[in-house]
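**Q** A predicted structure for the sequence below; I have some questions about it.
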Amino acid sequence: MLEARSLTKKYGSHLALDNLNLIIKPGEIFALLGQNGAGKTTTINLFLGFIEPTSGSALINGIAVEEHPQEIKKHLAYIPETVTLYPNLTGLENLQYFSSLAGFNYSKQQLSDLLAHAGLQSQSFDQKLAGYSKGMRQKVGIAIAVAKKAKVLLLDEPTSGLDPKASNEFSEIIRSLAAEGTAILMATHDIFRAREVATSIGIMRQGNLVSTISAQDLSANELEQLYLQTV
């Protein structure tokens, strides 16, 4: 569902991503760990088509992103560190608007069901986004991804700034989406959360994917030690 083939990005003499090869299948959650500048966000942006590769290809559902940037949008959803929604609209109105842009026309009950499935409390559905916490905005973002029937979900530091309860709720929702067949790529600094939610973990350093492991093969402490040794 997600594939990087010798994916490389240079900015002048700076090598931001060096010959990345990666495959993420439906139902898998792949977490990218690494320090700032390691290449995590560059990888996400290449899959989104926000930037063009210097060489190699990013593919979504077998489609080359750089060749068909509009075609791939119907297959994916993106949740950045800070979800950008309309603060003067309610959660329900934001979901209705963004799902309609993707060509879906849901009833109010269907929209409510989507928000509830994403973990948002019903009393918040008709409240304006300006009063939402970050965790609540993340849940609306998840509902939009589900409404779009996205096969791929890209996450960039999704739990940054969330309290432990909200972070745990977010992880549960991500796991449920994976169980339904969504392929998920997550860039994060949160070693514990990566260990808890991911099926596979990649550690990046200076644009290189230097280690890939199954999340179940290491405890959180062992993963932390490997991370510190690697970076």
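**A** Noted; the coordinates are in hand. Numbering: from 1, shown residues only.
**Q** dump the residue contacts of Lys10.
**A** Taking Cβ atoms under 8 Å, 6 or more residues apart in numbering, we find Lys10 in contact with 16, 54. Placement of C-beta: from N, CA and C, glycine included.
**Q** what about the residue nearest the centre of the chain, distance to Thr54?
**A** Nearest to the mean C-alpha position of the chain, by Cα atoms, centre = their mean, lies Leu155 at 1.8 Å. Relative to Thr54, Leu155 is positioned 24 Å away (Cβ to Cβ, to the nearest Å).
**Q** Could you double-check that His189 sits in contact with Leu33?
**A** Yes - contact criterion Cβ atoms under 8 Å: His189 and Leu33 qualify, at 7.3 Å.
**Q** Who has more neighbours out of those two?
**A** Leu33 (27 against 15; other Cβ atoms under 10 Å).
**Q** in which helix or strand would I find the nearest residue to that one once chain neighbours are set aside?
**A** With Cβ to Cβ, 6 or more residues apart in numbering as the criterion, Leu33 has its nearest non-adjacent residue at 5.0 Å, and that residue is Ile203. Per DSSP states H and E: Ile203 is located in strand 200-205.
**Q** Show me what counts as buried in that strand.
**A** Buried residues in strand 200-205, counted by 16 or more other Cβ atoms under 10 Å: 200-205.
**Q** Let me see the domain layout of this protein.
**A** 1-61+151-158+171-231, 85-150 (automatic domain parsing).
**Q** Would you work out how far apart the start and end of the first one are?
**A** So that's domain 1-61+151-158+171-231. 28 Å (Cα to Cα, to the nearest Å).
**Q** what residues are up against Glu3?
**A** 22-24, 57-59, 62.
**Q** To clarify, my last question referred to Gln138.
**A** Here Gln138 is in contact with 79, 83, 158, 162, 166, 170 (Cβ under 8 Å, 6+ apart).
**Q** and if we set it to 7 Å?
**A** 79, 83, 158, 170 (Cβ atoms under 7 Å, 6 or more residues apart in numbering).
**Q** Dig out what the residue nearest to Leu33 forms beta bridges with.
**A** Leu33, Ser211 (DSSP bridges).
**Q** which ones are touching it?
**A** 33-34, 210-211, 227, 230-231.
**Q** Closest to Leu95 out of these?
**A** Leu33 (31.2 Å; Cβ to Cβ).
**Q** buried set for the top helix by length along the chain?
**A** Counting residues, the longest helix found in the chain (DSSP state H) is helix 164-179. For helix 164-179, burial by neighbour count (16+ other Cβ under 10 Å) applies to 166-167, 169-171, 173-175, 177-178.
**Q** Okay, helices next: where are they in this structure?
**A** Counting by DSSP H, the helices of the chain are 40-48, 91-101, 108-117, 134-147, 164-179, 191-197, 220-230.
**Q** quick revisit: max pairwise distance over the contacts of Gln138: which two?
**A** Val83 and Phe170 (11.4 Å).
**Q** coming back round to it: hmm, the residue nearest to the centre of the chain is touching Pro80, no?
**A** No - using Cβ atoms under 7 Å, Leu155 makes no contact with Pro80, being 8.2 Å away.
**Q** Please identify every residue contacting each of these two.
**A** Counting by Cβ under 7 Å, 6+ apart, nothing touches both Leu155 and Pro80.
**Q** quick one on the thing from earlier: of the buried residues of helix 164-179, which is the nearest to Leu223?
**A** Ser171 (15.4 Å).
**Q** That'll do, ta.
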